[in-house]
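**Student:** Pasted the sequence and its predicted model underneath.
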Amino acid sequence: MSEGFVAAFGRSPEVAAKAPGRVNLLGEHTDYNDGFVLPIALPQQTTVSLARAAGRQFTLRSDGFARPLAFTIDALPDEPFGRYVFGCVREVVDAGHDVPALDIHVASELPMGVGLSSSAALEVATLRALRALLALPTDDVRIAQMAQRAEIEHAGVRCGIMDQMASSLADTEHALFLDARSLETRLWSLPDGAAVLVLDSGIPRSLVASAFNQRRSECEEACARLGVASLRDVRRPEQVEALPDPWRRRARHVVTENARVLRAVERNDAGLLGELMNASHASLRDDYEVSIPELDQLVSLLQEHPAVHGAKLTGAGFGGACVAVCHAGRIGEVAREVLGDYRRLGGRGRLLAPPALLA
Ligand code: GLA
């Protein structure tokens with residue numbers, strides 16, 4: 001896994017580490033409200049390779065960039081991609097460890113900007129590589145916390161911790177049931193005979209950082225009006241109905257979405273999971289208002305297919321990908337037919353996972 005580093009720097013790396021992207025089955029915009037989420041890791045991974053360099057300058061190269069990016073530990077790089085790596089190095093320094101100057105190479109199988117957490121995979125792979133290089137006493141939960149801080153402090157998105165926890169702790173066979181308040185996790189097996197399909201709507205996510213931060217502030221305002229520390233603490237769903245809009249609808253999404261995750265993990269039932277995913281999409285569209293017409297159309301086509309249990313947008317929304325849980329034996333047929341119908345309606349979708357179907 002070090003050919004890219006050798007080609008870029010003309011020597012071997014000292015360490016290399018990988019981390020996967022994720023797709024979220026249920027529990028959207030609940031993590032920063034101390035709630036529950038159910039992501040699963042994707043087969044596509046990001047690899048970060050490192051070696052110590054002379055001097056003070058960090059040099060970052062990637063197969064995706066023509067030119068290397070250089071930075072020092074004292075100044076935030078302008079390039080957004082560089083900020084994630086810089087942020088991780090800073091977190092390690094701020095935790096009290098010396099980090100030498102480094103040559104860094106990034107190779108990613110994850111498409112960027114479609115909602116599959118390519119940034120969390122980059123952060124977790126960078127921190128894993130730093131842990132290996134410097135023999136840091138850092139466990140996987142701590143890696144996720146440092147990765148989240150790197151994104152909030154240095155990339156400017158006030159994200160929750162789902163993506164980083166999924167990249168650090170999830171695998172491709174089980175979903176990760178996470179309590180975002182206690183950070184307790186439990187691996188949850190997908191129902192027998194069910195498989196996860198991820199399709200891109202072809203609409204790049206736009207204004208995610210500003211719209212995301214705005215939703216987060218609306219949730220904080222809803223909490224202040226309800227007199228609770230977080231929306232997780234709303235005991236009776238009727239409580240939120242007294243709020244004026246938009247806080248009523250934002251809070252209602254979070255409260256009902258938490259209940260959906262808890263119901264889904266009580267059983268291993270594909271039909272129930274699908275129903276809850278469909279309800280989640282409706283709530284993200286109508287109450288949380290993070291969908292767009294193209295995502296609604298692709299999700300409807302998926303939901304109407306007889307081999308699909310349920311479908312929803314995945315991640316922050318505002319464009320990007322949809323996730324469906326389907327009959328495993330018919331997943332290729334679902335992808336082909338739904339993408340064909342979407343194209344006939346004018347969309348330009350594509351298959352993102354499982355990558356084996358692309359072969
Ligand atoms: C983004 C954030 C996550 C989470 C999702 C929405 O992926 O990084 O923390 O809030 O949006 O569920």
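**Tutor:** Looks like it arrived, so ask away. Here the structure is a predicted model, which means the values were calculated and not measured.
**Student:** Please give me every residue in contact with Glu289.
**Tutor:** Going by Cβ atoms under 8 Å, 6 or more residues apart in numbering, Glu289 touches 246, 249. Where C-beta positions appear, they are placed from N, C-alpha and C, glycine not excepted.
**Student:** Do you know the pLDDT at it?
**Tutor:** What the model reports for Glu289 is a pLDDT of 97.
**Student:** One more: Leu357?
**Tutor:** Looking at Leu357, its pLDDT stands at 87.
**Student:** Would you list the phi and psi of the spatially closest residue to Val37 that is not a sequence neighbour?
**Tutor:** Distances taken as Cβ to Cβ, 6 or more residues apart in numbering put Gly27 closest to Val37, at 3.5 Å, once the chain neighbours are dropped. Backbone torsions for Gly27, taken as degrees, to the nearest 10, come to phi 100, psi 70.
**Student:** so who does Gly27 touch?
**Tutor:** 35-39, 162, 257-258, 260-261.
**Student:** could the residues you listed be laid out in TSV, adding neighbour count and pLDDT?
**Tutor:** Shown next, in TSV, are the contacts of Gly27 (neighbours: other Cβ atoms under 10 Å; pLDDT from 0 to 100):
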residue	neighbour count	pLDDT
Gly35	26	98
Phe36	24	98
Val37	28	98
Leu38	26	98
Pro39	29	98
Met162	30	98
Glu257	27	98
Asn258	23	98
Arg260	23	98
Val261	22	98
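**Student:** Go through those residues and say which is closest to the ligand.
**Tutor:** Met162 (4.6 Å; Cβ to the nearest ligand atom).
**Student:** I'd assumed Leu178 was in contact with the closest one.
**Tutor:** Yes: the criterion here is Cβ atoms under 8 Å, and Met162 meets it with Leu178 at 6.6 Å.
**Student:** Between these two, which contacts overlap?
**Tutor:** Common neighbours of Met162 and Leu178 (Cβ under 8 Å, 6+ apart) are 31, 37, 39.
**Student:** In strands only, show me those.
**Tutor:** 37, 39 (DSSP state E).
**Student:** near the ligand too, which of the shared contacts of Met162 and Leu178?
**Tutor:** Contacts with the ligand are made by Asp31 out of the shared contacts of Met162 and Leu178, judged by Cβ under 6 Å from any ligand atom.
**Student:** Spell out which parts of the stretch 251-359 of the chain neighbour the ligand.
**Tutor:** Contact residues, the stretch 251-359 of the chain versus the ligand (Cβ under 6 Å from any ligand atom): 315-316.
**Student:** could you pull out the strands for the stretch 251-359 of the chain?
**Tutor:** Taking DSSP state E, counting those that start in this stretch as the test, the strands found in the stretch 251-359 of the chain are 308-313, 321-327, 350-353.
**Student:** how about TSV for these, with mean neighbour count and mean pLDDT added?
**Tutor:** Converted to TSV, those look like this (neighbours: other Cβ under 10 Å; pLDDT from 0 to 100):
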stretch	mean neighbour count	mean pLDDT
strand 308-313	26	98
strand 321-327	26	98
strand 350-353	22	96
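**Student:** before we move on, back to that, mind pulling up the pLDDT for the residue nearest to Val37?
**Tutor:** Looking at Gly27, its pLDDT stands at 98.
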